[in-house]
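[1] Coordinates for the following, if possible.
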Amino acid sequence: MLAAAGAAVLVVALIVGFVLMTTGDNSPEGQVRAVIGEYTDALREGDLETLRSTTCGQLHDFYQGISTEQFQGVHQLSTEQGSIPVVDSVDAVRITDDTALAEATVYTAAESKRTARTFDLQKTDGGWKVCDPTAAP
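    Residues are numbered from 1 along each chain as shown. As a prediction, the model looks like this:
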């Protein structure tokens with residue numbers, strides 16, 4: 001009887017978790033957090049098209065100007081060196097008009113120590129874009 005009740009609680013918890021994850025936070029802050037996640041996921045996965053669509057400014061120009069072959073080489077080296085950043089958390093988001101600053105805690109496979117990083121973002125017709133060329137890996 002207790003096992004059945006425990007299983008029922010687990011199923012309900014999984015359903016609630018799934019609903020919360022799929023509905024997401026559509027507030028401006030939630031959108032900023034989401035695009036940072038898309039950007040860093042694309043870095044980790046080597047997804048050049050997503051990097052091109054989630055960036056702006058000089059960072060966008062870099063991804064537009066690099067060939068697929070060149071990018072694959074850079075991505076492979078970065079993966080081998082463990083230098084691709086992983087966002088542990090987005091700790092604060094400040095939005096002013098069409099710009100945002102997001103403070104995040106990040107780490108890499110090579111350096112498991114958590115460090116602070118600031119992401120600069122710009123709101124465009126296509127949504128929020130990561131635009132910080134100086135902090136790009």
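[2] Please make it C-alpha for all contacts and neighbour counts, starting now.
    Will do.
[3] List phi and psi for the residue nearest the centre of the chain.
    For the chain, the residue nearest the mean C-alpha position is residue 37 (1.8 Å; C-alpha atoms, centre = their mean). Main-chain torsions, residue 37, degrees, to the nearest 10: phi -60, psi -40.
[4] For it, which non-adjacent residue is spatially closest?
    Excluding its sequence neighbours, the residue lying closest to residue 37 (C-alpha to C-alpha, 6 or more residues apart in numbering) is residue 87, at 7.5 Å.
[5] helix/strand/coil for the one you found?
    Judged by DSSP: H, G, I helix; E, B strand; the rest coil, the three-state class of residue 87 is strand.
[6] Next up, the contacts around it.
    Counting by C-alpha atoms under 8 Å, 6 or more residues apart in numbering, residue 87 touches 37, 40, 104-107.
[7] Need the residues that contact the helix or strand harbouring residue 74.
    Residue 74 is part of helix 68-81, with elements assigned from DSSP states H and E. If you take C-alpha under 8 Å, 6+ apart as the criterion, helix 68-81 is touched by 43-44, 46, 48, 84, 110.
[8] so how far is residue 72 from residue 119?
    According to C-alpha to C-alpha, to the nearest Å, residue 119 and residue 72 sit 24 Å apart.
[9] Enumerate every residue touching residue 132.
    57-59, 119-121.
[10] Any idea what the closest residue to residue 54 other than its chain neighbours is bridged to?
    Distances taken as C-alpha to C-alpha, 6+ apart put residue 129 closest to residue 54, at 4.9 Å, once the chain neighbours are dropped. For residue 129, the beta-bridge partners under DSSP bridges are residue 122.
[11] hmm, back to that, residue 63: which of the contacts of residue 87 is nearest?
    In terms of C-alpha to C-alpha, no member of those lies closer to residue 63 than residue 40, at 13.8 Å.
[12] and the helix or strand where the closest one lies, what does it pack onto?
    Following DSSP H and E, the helix or strand that holds residue 40 is helix 28-45. The contact analysis (3 or more C-alpha pairs under 8 Å, 6 or more residues apart in numbering; DSSP states H and E) places helix 28-45 against helix 48-53, strand 86-96, strand 99-107, strand 127-130.
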